[in-house]
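1. Got a predicted structure plus its sequence, pasted below:
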Amino acid sequence: MSVEHRFLVRELKLVLARPGDFFKPMWFLILVISMVPLALSPDSKLLGEIGSAMIWVATLLALLLNADQLFRDDFVDGVLEQWLFFNRPLFWLVILKLFCHWLFYVVPLILVTPLAGMMLSVPNDVMIALLVTLLLATPALTCFSALGAALTLGTARSGILGVLVMLPLFAPVIILAAGVLTRASDGSDILPLLALLGAFSIAAATLLPLAVGVALRLNIGGSS
Amino acid sequence: MLIKPKTLQFQNLTCVRDDRCLFADLSMTLPPGSLLRVAGPNGAGKTTLLRILSALHEPDSGTVQIGEVEDHLESRQEILYLGHKPQVCQDLSIMDNLMFLTDASQAICFQALQFVGLKGCEDSLVRELSQGQGRRCGLARLWCHEVPIWILDEPYTALDPGMVAILEDRINIHVGEGGVCVFTTHQNPTNLRFETLELARVS
């Protein structure tokens, strides 16, 4: 079997072996969203206005729940250092790992957001814009949190540190996404901002795996 | 199983950790069929040396070369490195772990697990098994891979005497076929004929 095939099979089996990690972000999202009407007001007009932004922030935070774990178990068990003996460049393996993470953990979470949208009575056209922004933005967010996780791999119990390091990079993504959502709610053209968001994700997905690879290698033992 | 014999050589290896010189100017040539034990007290730099030989760690000076290829990183796939971390994932089954670490077919993996006495627990999760059984799963790779250079860091850890004998037989076969094996252990290998590289602890 090729390295890529083995990689994908293993990631899929890991998801099946750790159902807790799979459902945790979804529960988190639903819980946070169900608290909003209780804390604010059950007025559906008000909720509809702020709902999309609330869902965006809650989804972002839910994504961060598993981000720290991206490489940690494999690093502790010593599986990560075996990556270097596969006959593939490290950044390619990182791309595979991040793609699997996005597909198996992030996309299912995005699929749950319409439920959250209904709970906050977000209008349908805004909900569609929200789904598109999430699909376009999450590759970039996944790459950023992976870099944070890779940089803090050597520090035991780094917890939220990796996320904090990467927080400034999240800001432009959120600003662009918020722009899309406001434009969607007043009915103006959202395509230019979506294109920018997509460009941001493509740039992140092509450049950051290189940086993640270097950070992993540094943590494995300083060999370049 | 057939391997292409390769020579492992290192020249003038020096490693400094936290202002302490672990070793300086180590040079050695290991032609096909060599078995080398790296010995020394705790903290002498055995693991560091083994990681340098596996290209996981960069020496402060000196070079490592496998065969004719000058760039050590290029020849990484000639190396099988077993570290003292288990190198198996606790949440996956024995078989899944092994299939990820080697490109051997499922049939060969089955056979390898039989050799290390894990027949019948291919589908058990590693965390449900004992530490020694987890180690055996990592060691099963020795029966799957066809690479000439083996670097084994403390391969005897958590193994019972029966498994130690099986492992020593496997190392002897590998060396007999023209492979190179570098290992460390604090136990006394009874069934192996090896050279020793003694690292002293410099304090």
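-> Perfect, I can see it now.

2. quick one: low-confidence ranges for chain A?
-> Within chain A, the stretches with pLDDT under 70 are A:158, A:222-224.

3. report the longest helix in it, please.
-> helix A:191-220 (DSSP state H).

4. List the buried residues of that helix.
-> A:193-194, A:197-198, A:200-201, A:204-205, A:208-209, A:211-217, A:219-220 (16 or more other CB atoms under 10 Å in any protein chain shown). Bear in mind the C-beta positions are built from the backbone N, C-alpha and C, glycine included.

5. same question, stretch B:153-168
-> By neighbour count on 16+ other CB under 10 Å, the buried set for stretch B:153-168 is B:153-156, B:159, B:163-164, B:166-168.

6. How about stretch A:176-195?
-> Neighbour counts over stretch A:176-195 (16+ other CB under 10 Å) mark A:176-181, A:183-185, A:190, A:193-194 as buried.

7. what does that stretch rub up against?
-> If you take CB atoms under 8 Å, 6 or more residues apart in numbering or on different chains as the criterion, stretch A:176-195 is touched by A:49, A:52-53, A:56, A:123, A:125-126, A:128-130, A:132-134, A:136-137, A:196-197, A:200.

8. repeat that for 10 Å
-> Defining contact as CB atoms under 10 Å, 6 or more residues apart in numbering or on different chains, one finds that stretch A:176-195 is touched by A:48-49, A:51-53, A:55-57, A:60, A:122-123, A:125-130, A:132-134, A:136-137, A:140-141, A:175, A:196-200.

9. Mind naming the longest helix for chain B?
-> helix B:161-176.

10. Next one: the residue of chain B found nearest chain A from A:Q82, what distance?
-> Per CB to the nearest CB, the residue of chain B with the smallest distance to chain A is B:K85, at 2.7 Å. To A:Q82, B:K85 is 10 Å away according to CB to CB, to the nearest Å.

11. Pick out the residue nearest the middle of chain B.
-> For chain B, B:L152 is the residue whose C-alpha lies nearest the centre (CA atoms, centre = their mean; 2.1 Å).

12. Spit out the contact partners of that residue.
-> Neighbouring residues of B:L152 by CB under 10 Å, 6+ apart: B:50, B:80-84, B:139, B:142, B:167, B:171, B:181-185.

13. Give me the neighbour count for the residue of chain A at minimum distance from chain B.
-> Going by CB to the nearest CB, chain B is nearest to A:G78 of chain A, at 2.7 Å. A:G78 is flanked by 19 other residues according to other CB atoms under 10 Å in any protein chain shown.

14. how deep is the closest residue to it other than its chain neighbours tucked in, by neighbour count?
-> Distances taken as CB to CB, 6 or more residues apart in numbering or on different chains put B:K85 closest to A:G78, at 2.7 Å, once the chain neighbours are dropped. By other CB under 10 Å, the residues close to B:K85 number 16.

15. Check the secondary structure at B:K85 for me.
-> Of the three states, B:K85 takes coil under DSSP: H, G, I helix; E, B strand; the rest coil.

16. mind listing the strands for chain B?
-> For chain B, strands defined by DSSP state E occupy the ranges B:8-17, B:20-30, B:35-39, B:61-66, B:79-82, B:149-153, B:180-184, B:195-198.

17. Tell me the residues of chain A that contact chain B?
-> Those residues of chain A that sit near chain B, judged by CB under 10 Å from any CB of the partner chain, are A:1-3, A:5-7, A:9-11, A:13-14, A:16-18, A:21, A:73-82, A:84-88, A:217, A:220-224.

18. make it 8 Å
-> Within reach of chain B by CB under 8 Å from any CB of the partner chain, chain A has these residues: A:1-3, A:6-7, A:9-10, A:13-14, A:17-18, A:73-74, A:76-79, A:81-82, A:84-87, A:220-224.

19. So which of those residues belong to helices?
-> When those are checked against helices (DSSP H), the matches are A:3, A:6-7, A:9-10, A:13-14, A:17, A:73-74, A:76-77, A:79, A:81-82, A:220.

20. buried subset of those residues?
-> For those, buried by 16+ other CB under 10 Å: A:3, A:6-7, A:10, A:13-14, A:17, A:74, A:77, A:79, A:81-82, A:220.

21. So which residues on chain B come close to chain A?
-> By the rule CB under 8 Å from any CB, the part of chain B lying against chain A is B:51, B:54-58, B:73, B:76-77, B:79-81, B:83, B:85-92, B:96, B:99-101, B:103, B:125.

22. now with 6 Å?
-> For chain B, the residues in contact with chain A (CB under 6 Å from any CB of the partner chain) are B:51, B:55-58, B:76-77, B:83, B:85-87, B:89, B:91-92, B:96, B:100-101.

23. give me the number of residues near A:S2?
-> By other CB under 10 Å, the residues close to A:S2 number 10.

24. Kindly apply the preceding question to B:D18 instead.
-> Look at B:D18: counted by other CB under 10 Å, it has 5 neighbours.

25. State the pLDDT value of it.
-> What the model reports as pLDDT for B:D18 is 79.

26. so how far is B:H57 from it?
-> For B:D18 relative to B:H57 (CB to CB), the value is 14 Å.

27. cool, B:P32 as well?
-> B:P32 sits 25 Å away from B:H57, going by CB to CB.

28. Kindly report the same for B:Q65.
-> From B:Q65 across to B:H57, the span is 16 Å (CB to CB).

29. cool, A:G162 as well?
-> With CB to CB as the criterion, A:G162 and B:H57 are 24 Å apart.

30. Also A:S44?
-> From A:S44 over to B:H57 (counting by CB to CB), the distance is 61 Å.

31. And for A:C143?
-> Relative to B:H57, A:C143 is positioned 27 Å away (CB to CB).

32. who's more crowded, those two?
-> Ranked by neighbour count (other CB under 10 Å), A:C143 and B:H57 place A:C143 first, with 26 against 18.

33. Does the more buried one touch A:A204 like I think?
-> Yes. Contact criterion CB atoms under 6 Å: A:C143 and A:A204 qualify, at 4.3 Å.

34. secondary structure element for the spatially most central residue of chain A?
-> For chain A, the residue nearest the mean C-alpha position is A:T142 (3.9 Å; CA atoms, centre = their mean). Using DSSP states H and E, A:T142 sits in helix A:124-151.
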